[in-house]
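Asks: Sequence plus the predicted model coming up.
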Amino acid sequence: HRHGGMKFRIYMGTEAQINSYYETMHDSDVFLVGVLFIIAVFSFSLYIIRRTDYASLFFALYCLALLFRTLFISTNVFEYYLPHFPYLVALRIEFISVPLSVFFLLFIVKLFPKVRNRYIDYTYIALSSIYALVVLFTPSIFFSKAIVYYQIVLLAGAIYLLTIIFRALMKRYDIAIYIL
């Protein structure tokens, strides 16, 4: 990993205070994982009921990506329950959840198909797929350094998503205000 060492700062206090703080953080992460799981199952159920509703499918997949990211960062819920899980596999899952944000783009594009730019969509999907392959097939030192460049793609994607939502607002899509 490019940073190595400790992930978080050192906290000072009694053992009880530190354990209480960690347990609170851990419990909030477990709660978030549960909420994301329920939303993913609900959205996937909507897709099963209406097979043409790809927006629900993409939102469910995005929630699953966030779920996996939450499991492997912060208090590292996954490591808490499976302490002997291979570190490199956990690191790859943590990093691959980032390019899976492409599912949010696909969700928005399915909601507002008339205000999108297909070339930008395909470019974002291609760049996300390339970074996902980099995470899967390169050493951790490489993909953990390459994420800095992928963050530029994420920023451009976020600006593009906001553009889509604002254009949808201008075209009077009712749901756009709730997404914003």
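Replies: Received the coordinates, thanks. Owing to the predicted nature of the structure, the values given are computational and were not obtained by experimental measurement.
Asks: all helices for this protein, in order.
Replies: Listed in chain order, the helices of the chain (DSSP state H) span residues 15-49, 54-72, 77-81, 87-96, 102-111, 118-137, 140-170, 176-179.
Asks: Contact partners for residue 147?
Replies: Contacts of residue 147 were listed using CB atoms under 8 Å, 6 or more residues apart in numbering, and they are 95, 98, 131. Where C-beta positions appear, they are placed from N, C-alpha and C, glycine not excepted.
Asks: Nearest the geometric middle of the chain, what residue?
Replies: For the chain, the residue whose C-alpha lies nearest the mean C-alpha position (CA atoms, centre = their mean) is residue 66; its distance is 3.9 Å.
Asks: Number of residues surrounding the closest residue to it other than its chain neighbours?
Replies: Distances taken as CB to CB, 6 or more residues apart in numbering put residue 36 closest to residue 66, at 5.4 Å, once the chain neighbours are dropped. The burial metric for residue 36, expressed as a neighbour count using other CB atoms under 10 Å, is 20.
Asks: these two touch, right, residue 128 and residue 103?
Replies: No - Residue 128 is not in contact with residue 103 according to CB atoms under 8 Å; the separation is 9.3 Å.
Asks: Check the gap between the residue of the chain most remote from its centre and residue 21 for me.
Replies: Distance from the C-alpha centroid of the chain, by CA atoms, centre = their mean, peaks at residue 14 (34.7 Å). Using CB to CB, to the nearest Å, one gets 11 Å for the distance from residue 14 to residue 21.
Asks: List the buried residues in stretch 16-36.
Replies: By 16 or more other CB atoms under 10 Å, the buried positions in stretch 16-36 come out as 29, 30, 32, 33, 36.
Asks: okay if I get those as JSON lines plus pLDDT?
Replies: Compiled in JSON lines, these are given as follows (pLDDT from 0 to 100):
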{"residue": "29", "pLDDT": "89"}
{"residue": "30", "pLDDT": "90"}
{"residue": "32", "pLDDT": "93"}
{"residue": "33", "pLDDT": "92"}
{"residue": "36", "pLDDT": "97"}
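Asks: Quick one: those as CSV, columns for distance to residue 9 too.
Replies: Formatted as CSV, the buried residues of stretch 16-36 follow (distance: CB to CB, whole Å):
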residue, distance to residue 9
29, 18
30, 22
32, 21
33, 24
36, 26
